[in-house]
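> sequence unknown, structure follows:
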DNA sequence: GATGAATGAGCGTTCATTCAT
DNA sequence: GATGAATGAACGCTCATTCAT
């Protein structure tokens, strides 16, 4: 392959990094290997990134900035909470189903240390939770979601389910399309697992305990 | 007989390892530091473990073997699926709420590579999913859970929610008791987030897509 | 182009290695010490050699390749077997008399394990034996050497004598010039130790036993 | 196998050591492996030997003390130098042909460092050379050996040839009996390789150069 | 005497990063 | 800007030796 213009070197490095991180893991990845795959010299990496960690962080920041912006944007144009949740779930799952290497990096490699996790949480996860929280609040206002639903807990639960779907998909054979799980996941989240005939007598407790907590 | 291979030494090494792994991460942890904290010589570690990785893996295997055995045991003595799910959620969350370092190691450090993740999945997660799947199937037989609930998806969702609760708790200030989230989590899982007034018209789709998939 | 991979660095490492191996022995030698003596960083060694063993093996290969090539070359230009044997013995002994550290490495350190010995035998010793064998055969054809001389045995004997001269010289005080032993050694090899007056009655046995053997 | 009496532990350790040193080399040999093969605890080794090196040195000292004493003893009862040389060569070669592991240890492992070599030379090799020197001097007195033979050179040459025969045998397939090479080796040493018809004109030079030298 | 668990000094090798060209 | 040879700190693990039992 012919070398492209020098100003897409950064892009080529990031693309190479996703592949190498996905296959070898962050600690197992060698900067020299990323450089080779990107078609640049080892030292060139350091003209675009501060260090190895910065490659991973930049990768994550750039993908997430775009992803969240899109999700938030589309969210605005949709009429109700349920539709929005379906859209968000769909985007979330399709983001990864379309790029398996990226999925591995995000689901596994980015979580290798509390340091990365904390950064991850402090930046985009917070934004993502805010977006989800807004949608849930809207749903409650619209009467579509229970008014006694602990917002933070519901937000984390929604994310937790999506996250687990991606992780399970990665660790399994990736032999199905996670993207198609968006509908069923939202269904389960909205209607619950219990048989509808059953009276939801325990519901009050839901608000009682969790409202005062729910973490971040 | 010479100086006895004292079992408490192995225990001390594991305890030291949890602390060091939690603070420094697996790759950042130094075997020498674990040895020092355990009060043994560096070489002694290798009388009890094959290598650094084996410390982490052993830690995980031993904690999990006991945890799942207990969950399964208690499960037998409980009358219905809902009670069982509450018990399992309670145990899951309390396992970590009682040992923050262990929580960090399990939620973060053990997931740093696809290698660990795969092992984690192949051993105890599979067992855990089997246990949850049995409970869900029982609930369906008893009529407590929807018959159209995709079992695998529900299992992963239930686990995903619990897992996210622990992760959020760790990355937050750990300033509340995750153990108390068991009730609200199960409530949400069972009743769903949607307002009960709302007719669950979309339910059929749930089975349609997910039953054929659900992965592992 | 960046800093050039300078060939003299490789040379300096080999020179340093000879000294360190000679003084400390192969196992006692520290890679860090070789690096220091060569004036390079520890890691630089690994840009030129695969590992510690490769330094020793390369050293040996390079010296031997040149030595045998020269011996073979000169051999061609000499008229008869006796002259050739004198030349080979002279080169052999002078190779080491001129470089005592190299002598120690070749006579002692290279023989520390069957692994090295086997490699040593499989490569240059075989070539050397072939060269000696050719010269002996030529001598037999020319009538200068006994026709009943077992070629392999004579080859090994000739080498064994030279080898022992070098080894004795090293382990003694190296207070004489081994190079000058070439003449006497060849004399002894050719004429034997027995008094010429004595009739060589036992000669037939020589061929009888050894011809069928002689090993490699 | 039942454990034998405790006072043959030393013997068992030495036997085990020969095997392990022969297979793994001195540096590759593990004290724990020797202990295991000898059927004793690791620590027990240190009740009989100062350290690992002492095992090798003791092995060598004991075998050599006996070997040289026997060679010297038999030498006394034999009538002439030639017969004595044949006997010594026979013993030398048979010592190793009867115990291949011992041969490997003596020909290879004992020569791994100048330290061992120096010790080897200072103790038994000196004795051995003295014995050979005496026999050669006797031969000269009896008129069987040339009077102009440089004694030291001849001694080293005789040893060098025997030594090389053993080494070649070891590194080859050991598929013949080195013991039978004694006769041919002595023949060659006594009669030389040159055709008897040829006048030994160069003989005088033999004494000239080497007598003043010859090392130790 | 015998044991073998415990010790801890020691080192080959890796690889992120630098910087002369 | 780009290169890639050079750097050197860092560390998991081994194994000869010790010594409490």
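Yep, it's here. Being a predicted model, the structure only gives us computed values, none of them experimental. Numbers count the residues shown, from 1 in each chain, chains lettered A, B, ... in the order given.
> Show me what the host helix or strand of residue A:90 is in contact with.
Element membership of residue A:90, judged by DSSP states H and E, is helix A:81-97. With Cβ atoms under 8 Å, 6 or more residues apart in numbering or on different chains as the test, helix A:81-97 has contacts from A:63, A:67, A:70-71, A:74-75, A:78, A:102-103, A:106-107, A:131-132, A:135-136, A:138-139, A:142, A:144-145, A:158, A:162, A:165-166, A:169-170, A:177-179, A:181-183, A:185-186, A:189-190, B:194. C-beta coordinates here come from the backbone N, C-alpha and C atoms, glycine included.
> Which positions within that helix qualify as buried?
Buried residues in helix A:81-97, counted by 16 or more other Cβ atoms under 10 Å in any protein chain shown: A:81-82, A:84-93, A:95-97.
> now it, how far from the centre of its chain.
10 Å (Cα atoms, centre = their mean, to the nearest Å).
> Quick check: what element follows it along the chain?
Next element after helix A:81-97 (DSSP H and E): helix A:100-107.
> name the helices or strands packed onto the helix ranked longest in chain A?
Criterion DSSP state H: the longest helix present in chain A is helix A:52-77. Here helix A:52-77 touches helix A:9-24, helix A:81-97, helix A:100-107, helix A:114-120, helix A:126-142, going by 3 or more Cβ pairs under 8 Å, 6 or more residues apart in numbering or on different chains; DSSP states H and E.
> Report the rounded mean pLDDT for that helix.
Taken as a whole, helix A:52-77 has an average pLDDT of 92.
> any idea how far the residue positioned nearest the centre of chain A is from residue A:182?
Nearest to the mean C-alpha position of chain A, by Cα atoms, centre = their mean, lies residue A:92 at 6.0 Å. In this view, residue A:92 and residue A:182 are 8 Å apart by Cβ to Cβ, to the nearest Å.
> now swap in residue A:26 and tell me
Per Cβ to Cβ, residue A:26 is found 29 Å from residue A:182.
> likewise residue A:122?
For residue A:122, the distance to residue A:182 equals 27 Å [Cβ to Cβ].
> Comparing these two, which residue is more hemmed in?
Neighbours were counted for residue A:122 and for residue A:182 using other Cβ atoms under 10 Å in any protein chain shown; residue A:182 has more, 23 against 12.
> now the closest residue to chain D within chain A: how far from residue A:193?
As assessed by Cβ to the nearest Cβ, chain D sits closest to residue A:28 within chain A, at 30.3 Å. Distance, residue A:28 to residue A:193, by Cβ to Cβ: 39 Å.
> And residue A:127, by the same measure?
29 Å.
> Equivalent analysis for residue A:34, please.
Distance, residue A:34 to residue A:193, by Cβ to Cβ: 44 Å.
> can you check residue A:76 too?
Taking Cβ to Cβ, one finds residue A:76 at 31 Å from residue A:193.
> With neighbour numbers in mind, choose between those two.
Per other Cβ under 10 Å, whichever of residue A:76 and residue A:193 has more neighbours is residue A:193, with 25 against 7.
> Could you verify my assumption that that one touches residue B:136?
Yes: here residue A:193 reaches residue B:136: they are 7.4 Å apart, a contact under Cβ atoms under 8 Å.
> show me where pLDDT drops low in chain A?
For chain A, residues meeting the criterion pLDDT under 70 lie at A:1-7, A:197-216.
> Show me which residues of chain A sit near DNA strand E.
A:29-32, A:42-43, A:45-46, A:51-53 (Cβ under 7 Å from any atom of the strand).
> Any quick ChimeraX command for the buried ones out of those residues?
Selection command for ChimeraX covering only the buried members of those, criterion 16+ other Cβ under 10 Å:
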select /A:29,31,45,52
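> Which of the residues of chain A next to DNA strand E sits closest to chain B?
Closest approach to chain B among those (Cβ to the nearest Cβ): residue A:29, at 10.7 Å.
> For my notes, confirm the closest one occurs in a strand.
No: going by DSSP: H, G, I helix; E, B strand; the rest coil, the assignment for residue A:29 is coil, not a strand.
> my read: it touches residue A:20, true?
Yes: applying Cβ under 8 Å as the test, residue A:29 and residue A:20 come out as touching, 4.6 Å apart.
> residue in chain A nearest to DNA strand F?
Residue nearest to DNA strand F within chain A (Cβ to the nearest atom of the strand): residue A:43, separated by 1.7 Å.
> Around DNA strand F, which positions in chain A sit nearby?
Taking Cβ under 7 Å from any atom of the strand as the criterion, chain A approaches DNA strand F at residues A:6, A:9, A:40-44, A:46-47.
> which pair in these spans the largest distance?
Spatially, the most separated pair among those is A:6 and A:42, at 16.3 Å (Cβ to Cβ).
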